[in-house]
Every structure is written in structure tokens, then in C-alpha cells.
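# 3D model of this:
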Amino acid sequence: MNGNSGSWFGYMGQVLRIDLTHYRYSVEPLNKDLAEKFVGGRGFGIKYLFDEVPKGVNPLSPNNKLVFTTGPLNGTKVQSASRWIAQFKSPLTNAYCRSVAGGFFGAEVKFAGYDAIIVEGCSEKPVYVWINDEKVEFRDAACVWGMATLAAKEFLLDETDKRARMVMIGPAGERLVKISALVTDDMRTAARGGGGAVMGSKNLKAIVVKGSKKPVIYDEKAFDELVKEQIEAYRQSPAFEHFRSLGTDGIVYLFYTLGNFPTYNFKQIPFEGAYRFTPEVLASYIVKHNGCYSCMIRCWKTFKLTKGPYAGVVWDFPEYETHWSYGGVLGNCNIEAITYANMLSDLYGLDTISTGVAIAFATELYEKGIIGKSETDGLELKWGDPEILVELVRRIALRIGIGSILGEGVKRAAEIIGRGAEKYAIHVKGLELPAYDPRSLKAQGLNFATSPIGASHCIGWSKFEILGLPRKVDPFATEGKGEITKYVQDETAAAETAVFCTFPLTNEMITIDVCSKFLYSATGIDRFKDPRYLWLVGERIFNLEKVFIAREGFDISQDTMPERILKEPVPREPSKGQVFELDMLLKDYYKARGWNERGIPTKEKLEELGLAEAAKELGIA
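Predicted coordinates:
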């Protein structure tokens, strides 16, 4: 069955609003002005949140909203464009958050007839929502509440449709762990920022979706031709086979040698076990390849463990970030324990990045004597201990002992512990840093400092410094880094309206020019013909995200870095001696953005971007 609402192409023309307080739902027509100004995906999400979640809302209250968005290319033949985005006010940072995941859930939302799902209110008891095309039901989730994600998935599919797709939370989200994740039926996670806790605060275990529709394409002939060209471009790309064979595991050891993969809570001491992360070693664990809806890259890998206490486990492989967060940042090179902890994180519903950084934080506090066995429930926290890793993942997810404090995130945990613990809490705006050292890549670090969600590599990955694309720049230089940081941030925001995956985007297998052609042939919206317009949309989205957090009181004082990154030179090559020159980098960035010296968009900039109403919200109209 093909079809959408009204005369829409590419879009389904409908937004589903779920009111958990009153167990009601409504189907709203998609606003044409919204589609033209914000395109889809990340653009829709920030616009809904900005308009409907006012300043000061408690992220775990019924007044916060959880917005799931798709893009006009979701559920089509286009490669790598069926990801989905969760947007909400974060309980971890008290700021805006955008968290992205792949799999098949996003396409299924489109097939059910919706471009977005807005969840609001709070159920008085655990429920799940079953969406079967136009039919929407609120169902009792008492049976699956408390279950790990894999078990909950099987029960929910039995109760609904074996072919359905879903997003759900595990025990961590139910316990309002602030680093908990949203997890799909195929174990893809929108993990950053505590979306699992937002869903848990609403007593919502899962959204289960089955659809029978397909988006209608405006110019099918041109669209099909573009898909053929895209497939051929993928095959010709040097990055394609690397991602296809090893996924992000192909870069783990390489990035360590380039001064990233920060070790021992960003102390960056040389890591003797780094050789365990070479492509040859990691490839030996792979037994299966898989991928997201309509993506020929198939970068998912399945690991099989045959040695040690976790022998017999077969699970989704740890990505680059997880090999680091459960490996390098802890001084741990035990691949089996990393894989097992990764499995537990999927089952419990945890952000592996924040969880690993929280464990590294606790380990350094123990090393420094700031905490002792009386505060770790008798555990001896040591660098490189695989058993401690696995045990603390469990305790964080289930809020046991010190795990309950670490599950608040390192910023809040440091405030609770005191005694100088803040010095070792590696975060920006409350969001833990990922597997890149800002001292080794200045634009990447500048992206972390200025990101509206905190330290996220996915908001603006510095391909200039890391890959030399579209041109090579010196990663240690400070000059011109404001402009290239703005470039990658706006480019990512524009691509995430579609919603394209950032892997092919950062490797230039996808460009905004290509995105523009796809969007026009899919939707028929004239403005999308011009790539320059999409760049403008990307800048518009990023600025509105910044205004959202400025409205909450964020300014230059939060656009900063941990003390270690600012003051402690890297002790190992190739970044030896480097620190992060925050002040000059921020000044350059704010100038490139057209923001004032406090890091806030100016009235003129917001009006230029068609955001005059946002300027009024800041009292600068």
C-alpha cells in the first residue's frame, strides 16, 4: 500500500502526538512552512521543542517532551538515510539534547504514516504504545517493566506483530539513570544525554510500530537515477570497503597512534595494551555482518567470544567509541570484557561513552585517595581491571551503591563527592567527552566546547583535521578553526534533516549537493534544489539549538573544557606538549558564527536566519 496524507511527496504529511497523562493521541497535519524552513529530522525536533518546552522545565517532569523524528528520505531507496532522531531536554545536562540511532525503527515510523512522534505527559503506571498504521493503543506494560531490552522485545513482539519495530528502555531508564539510553529492537541506541531516563520518567517502556504505507516520490525517474549514482559513488569510495569489512573497528588502533583514543581518564599515558585494538585482532572476532535499513555499507558486526569467563557470548561488536570507553580510557585491553560490558549496556540501556568515562572518573578518584573502599562498596578500583568494568556497568544500570552516584554523570557525581573530585570529571556542559582528545584536534575540541548538547563528536566531526577532507589542516594549529568548526556543525545539521548517517557524510560519500538533489526529487519543494539553502537550514537549526540553551541560562561560561584539557600538556606523541587554547579558539568561533562575545546569537544573526521569534525569546528583539 502506498500513500500519505494530502499532497505530500517524500513526507507522510502527519505528526502523531501521544498524551500519556490522559491516554489520548491526536494526528496533526504536517505544517508546510515547518517542512520548508526546517526540512525534517533534527530540524523538526528542535522547532517542536523550542516552541513547546519552555524555560525552566524539569527534564524528568511530565512537561518535558520526547520528540522522535524522521526525514523525507527515510524509508526510501536512498542509501544511509533512514536513521531517526530523539530530541528532548536532557536530565544529564539540563540543556537541549539530540541523540541519533539507526536500524529499522525510523523507516517503520514512516511506513506507519508519520514524520514525527511527539510524546508528552506522564502515565500513572507503566505502559507501552502500539502503533499499527492509523490504530494507536495504550497498553499495560506491567509484564515487561523491569525486563532487559532483549526479553522485553520478545514479549512485545508476541503481543503485537512479529514484524514490528520498536524503541524501548531497559532497567537503567526505568530507574532514571541519567546516562541511560533509548534502545531499538535491533539493539541500535540513541544513547547520549539520558533519553532513557526521560522515557522512564513518563512510565513509557516502549513504542512499538508496524506500518504498511510507503512515501510517494515526486520525480521517481530522477530519484532512481540518483540512487544508482549514489551506489556507484559508494563503490568507488576508498572508505566503503573499510567500513564494510570492519565498521568503526578499523580505526581504533590508528586513532590511538594519531593522539586520540585518550587513555586513563585523559591522562594520555602510553597504553601498552593498545596493540589489542589493531584491525587484525578485532577482525578475528567477527562472525557476521549486518546493517541499517537501505544501507549497503552494512557496518554492524557481530562478535563471538571463545575465551575466558565470557566464552560463548555472541553479540553486537563494540564500536570505536566503546572500545575506548570500556577499553582505552580505563587502561583495559581485554576485548572479551569490553564486548560483554557492551552487551550488558544494550540489555540494561546505557550510554557506553558516559558510562566508561564515569568509571574512569571513579578509578582516578580511588587512585588519588579521594574515595576509598568504604565508598566503593569494598571494590578496589584499578586501571585495566576487566572484572571491575563489568561489575560497575551492572551497578550503574541498577543504581547499586556507588553505581547510583556514577549514574548521575560525572558532573553531578563530582558535586556529590566533593573533595576536589571536579578536577577529574571530564565533561562539557555535563555530557562526558567521547574518544577524541581536544588537545590533539583543536577544531574537534572546539566543537565539543560549543556544541549545544555538550561534548558530542556527532554534532560536528572535524574531518578537516582527521581525514584531510575537503582539505587538510594542521590539527594542532589554532588559526581558522572557528570557520571549519562552524562548517562541519552546519553541514551535519543540514544532513540530519534527511536523516543521513554521519559516517558517509564525514567521508564525503554524501555531500550537501547530493542531499539537495535527493530532497528535491523526493519532495518537489523548489527551495531544496539549491544546496546553499540547505546550508542555511543547517545554520538555522544550529542557532535555534543554541538559543534553546541560552534561554536556559547557558553562555560562554559553559563553552569550556575540563581543567586537564586546558592545563595539562599531553605526555605522549604525536601530541606531546599540546594543551587546548580555549580563549583564542572561542573568540575565532564566535566571530565566524556572528555571535556576541558571550557566545549568544545576535539579533541580526537570528533575523538573517528567519528566527526573529527566537530573538524575542532572548529579549534581544
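
# can you list the domains in this protein?
Taking automatic domain parsing as the domain assignment, the record places the domains of the chain at 14-210, 248-430, 442-495+530-617.

# Mean neighbour count, these: which tops it?
Comparing the domains of the chain on average neighbours per residue, with mean count of other C-beta atoms under 10 Å, the densest one is domain 14-210 at a mean of 23. For every residue, glycine as well, the C-beta is placed using N, CA and C.

# Now the terminal residues of that one, how far apart.
Its start and end residues considered, domain 14-210 measures 16 Å (C-alpha to C-alpha, to the nearest Å).

# Give me the helices and strands touching the helix or strand hosting Val393, please.
Following DSSP states H and E, the helix or strand that holds Val393 is helix 386-398. Contact partners of helix 386-398 among helices and strands, from 3 or more C-beta pairs under 8 Å, 6 or more residues apart in numbering; DSSP states H and E: helix 171-174, helix 335-348, helix 352-368, helix 402-406.

# Can you spell out which helices and strands pack onto the very next helix or strand once past the first one?
Beyond helix 171-174 in the direction of the C-terminus, DSSP H and E gives the next helix or strand as strand 182-184. Where contact means 3+ C-beta pairs under 8 Å, 6+ apart, strand 182-184 is packed against strand 96-101, strand 165-168, strand 189-190, helix 195-201.

# what residue ranges in this structure score low on pLDDT?
Across the chain, the stretches falling below the confidence threshold (pLDDT under 70) are 1-6, 621.

# middle-most residue in it, spatially?
To find the centre residue of the chain, average its C-alpha atoms and take the closest one (C-alpha atoms, centre = their mean): that gives Ser99, at 3.6 Å.

# which residues touch that one?
Taking C-beta atoms under 8 Å, 6 or more residues apart in numbering as the definition of contact, the neighbours of Ser99 are Ile85, Ala86, Gln87, Leu182, Ala190, Ala191, Arg192, Gly193, Gly195.

# any chance of the helices and strands packed on strand 182-184 in a markdown table, plus distance to Pro574?
Conversion of those to a markdown table gives the following (distance: least, C-beta to C-beta, whole Å):
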| stretch | distance to Pro574 |
| --- | --- |
| strand 96-101 | 31 |
| strand 165-168 | 41 |
| strand 189-190 | 32 |
| helix 195-201 | 36 |
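
# Now do the strands in the stretch 151-300 of the chain.
All strands of the stretch 151-300 of the chain, identified by DSSP state E, counting those that start in this stretch, fall at 165-168, 182-184, 189-190, 204-210, 286-290, 300-304.

# Those: which one's closest to Lys65?
Closest approach to Lys65 among the strands of the stretch 151-300 of the chain is made by strand 204-210 (12.0 Å; C-beta to C-beta).

# ok now the closest one, how far from the chain's centre?
20 Å (C-alpha atoms, centre = their mean, to the nearest Å).

# helices and strands around that strand, which ones?
Packed against strand 204-210, as judged by 3+ C-beta pairs under 8 Å, 6+ apart, are the following elements: helix 105-111, strand 116-120, strand 127-132, helix 149-159, strand 165-168.

# mind listing what that strand pairs with, with the direction of each?
The strands that strand 204-210 pairs with in its sheet are strand 127-132 (parallel), strand 165-168 (antiparallel) (by DSSP bridges).

# got the contacts of Ser99 as TSV, with distance to Asp161 columns?
Compiled in TSV, the contacts of Ser99 are given as follows (distance: C-beta to C-beta, whole Å):
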residue	distance to Asp161
Ile85	24
Ala86	23
Gln87	27
Leu182	21
Ala190	23
Ala191	26
Arg192	30
Gly193	30
Gly195	25
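
# out of the residues you listed, which one sits closest to Asp249?
The nearest member of the contacts of Ser99 to Asp249, counting by C-beta to C-beta, is Ala191 at 18.0 Å.

# Give me the angle between the helix holding Val393 and helix 335-348.
Angular relation of helix 386-398 and helix 335-348 on a 0 to 180 degree scale: 10 degrees, by axes from the mean of the first three to the mean of the last three C-alpha atoms, to 10 degrees.

# relative orientation of helix 386-398 and helix 352-368 in degrees?
120 degrees.

# how about the CA coordinates for helix 386-398, as PDB?
Taking only C-alpha atoms (Å, rounded to 0.1, in the frame of the first residue of the first chain), the coordinates of helix 386-398 have been written out as PDB:
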ATOM      1  CA  PRO A 386      38.100  -6.100  33.300                       C
ATOM      2  CA  GLU A 387      36.100  -7.500  36.200                       C
ATOM      3  CA  ILE A 388      35.600  -4.100  37.800                       C
ATOM      4  CA  LEU A 389      34.400  -2.800  34.400                       C
ATOM      5  CA  VAL A 390      31.700  -5.400  34.100                       C
ATOM      6  CA  GLU A 391      30.700  -5.000  37.800                       C
ATOM      7  CA  LEU A 392      30.400  -1.300  37.600                       C
ATOM      8  CA  VAL A 393      28.300  -1.300  34.400                       C
ATOM      9  CA  ARG A 394      25.900  -3.500  36.300                       C
ATOM     10  CA  ARG A 395      25.900  -1.300  39.400                       C
ATOM     11  CA  ILE A 396      25.400   1.900  37.400                       C
ATOM     12  CA  ALA A 397      22.500   0.400  35.500                       C
ATOM     13  CA  LEU A 398      20.700  -0.900  38.600                       C
END
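
# Contacts for that helix next, please.
The list of residues contacting helix 386-398 from outside it, by C-beta under 8 Å, 6+ apart, reads 170-172, 175, 177, 179-180, 326, 330, 332, 334, 336-338, 340-341, 344-345, 348-350, 355, 358-359, 362-363, 377, 379-382, 400-404, 406-407.

# Please, where are all the helices along the stretch 501-621 of the chain?
Here the stretch 501-621 of the chain has its helices, by DSSP state H, counting those that start in this stretch, at 502-506, 512-523, 531-551, 563-567, 582-593, 603-608, 612-617.

# can you tell me which residues contact the residue nearest to Ala358 when sequence neighbours are not counted?
Counting by C-beta to C-beta, 6 or more residues apart in numbering, Ala358 lies nearest to Leu406, which is 4.2 Å off, once chain neighbours are set aside. Leu406 makes contact with Thr355, Ala358, Ile359, Phe361, Ala362, Leu392, Arg395, Ile396, Ala413 under the criterion C-beta under 8 Å, 6+ apart.

# Closest one of those to Ala141?
Minimum distance to Ala141 across the contacts of Leu406 is 23.2 Å, recorded for Ile396 (C-beta to C-beta).

# Excluding chain neighbours, give the residue nearest to that closest one in space.
Here the nearest residue to Ile396 in space, its sequence neighbours aside, is Gly403; by C-beta to C-beta, 6+ apart that works out to 4.1 Å.

# Run the angle between the helix or strand Arg139 falls within and strand 116-120 for me.
According to DSSP H and E, Arg139 maps onto strand 135-140. In terms of direction (the same axes, to 10 degrees), strand 135-140 departs from strand 116-120 by 40 degrees.

# Parallel or antiparallel, which strands does strand 135-140 pair with?
Under the criterion DSSP bridges, the sheet neighbours of strand 135-140 are strand 127-132 (antiparallel).

# ok, and what's touching the partner strand?
Contacts made with strand 127-132 from outside it, assessed by C-beta under 8 Å, 6+ apart, are listed as 16, 18, 20, 23, 112, 114, 117, 136-141, 144, 156, 159-161, 164, 168, 203-211.
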